[in-house]
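Undergrad: generate coordinates for the sequence data below:
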Amino acid sequence: MQRVMIVGQPGSGKSTLARQLGQRTGLPVVHIDTIHWQPGWVERSWDEKTQLCREVEAGERWIFEGGHSATWDNRLARADLLIWIDRSAPLRFWRVLLRTLLQHGRSRPDLPENCPELLANLPEFFRFMWRTKKSARAKMQQLVEMAPLACRVVCLRSNRETRAFLASLAQSTGHARRD
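TA: Alright, predicted model coming up:
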C-alpha cells in the first residue's frame, strides 16, 4: 500500500481515518481542506486546487482524503487502495455539529491555520450537506464501480468495520497495536 484515496461525505470520518492510517503506515497524509482553503477561510481558485491535487497525485506515496472530484479519475488511476466511508446522514450531521462545538474558535488539524470552527458557518454547511447528500453518495458509488482491478476497494459503513479494517492492517504488516 503506497497510495490511498479516501472519500466520503462531510462528517463521515475521512480526516480521522487518514490520520490513523498515516500513523500506522508512515505514509504522508494530505487533507483536501488544506488544498481547498487558505488561511482565513479564503477559497482557492478551481484551477489552483486542481493543480495542487495533481501535484499530490503525482507522488509515489500518499494518503489523500477528500473531494475535488474533478481530479478523482487521476487519483483513482494512481491509487492502490480506495476507501469509501459511507455513513448515514444523521450521524454525519451530528459529527459535524459535535466537532464544531468541540473545536469552536480553533482550526482543526485538517485545515489551514486561521480557519477556526465557527457556529455561524454551521447553517450554510448543513444546507450544503443536505443539498448534496444523494448526489455526492451516487458519485462515490460510481467511483467505486470504476476502480481499476489493481486497486483494492474498501467500503466502511460503521465504527466496527473501521476498527476491523485498521486491525487487519496491523496483522498484515505484523505490527500489532493496542488502541
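
Undergrad: straight-line length of stretch 77-93, end to end?
TA: End-to-end distance for stretch 77-93: 31 Å, by Cα to Cα, to the nearest Å.

Undergrad: give me the buried positions along that stretch.
TA: Arg78, Ala79, Leu81, Leu82, Ile83, Trp84, Ile85, Asp86, Arg87, Arg92, Phe93 (16 or more other Cβ atoms under 10 Å). Bear in mind the C-beta positions are built from the backbone N, C-alpha and C, glycine included.

Undergrad: now stretch 146-154
TA: For stretch 146-154, by 16+ other Cβ under 10 Å, it's Ala147, Cys151, Val153, Val154.

Undergrad: endpoints of it, how far apart?
TA: With Cα to Cα as the measure, stretch 146-154 spans 13 Å from end to end.

Undergrad: same thing with stretch 58-65?
TA: End-to-end distance for stretch 58-65, by Cα to Cα: 15 Å.

Undergrad: cool, and stretch 36-56?
TA: Using Cα to Cα, the end-to-end distance of stretch 36-56 comes out at 13 Å.

Undergrad: quick check: mean pLDDT across it?
TA: In this model, stretch 36-56 carries a mean pLDDT of 95.

Undergrad: and the contacts of it?
TA: Contacts with stretch 36-56, where a contact means Cβ atoms under 8 Å, 6 or more residues apart in numbering, come from 30, 32, 35, 62, 64, 66-68, 70-71, 74-75, 111-115, 121.
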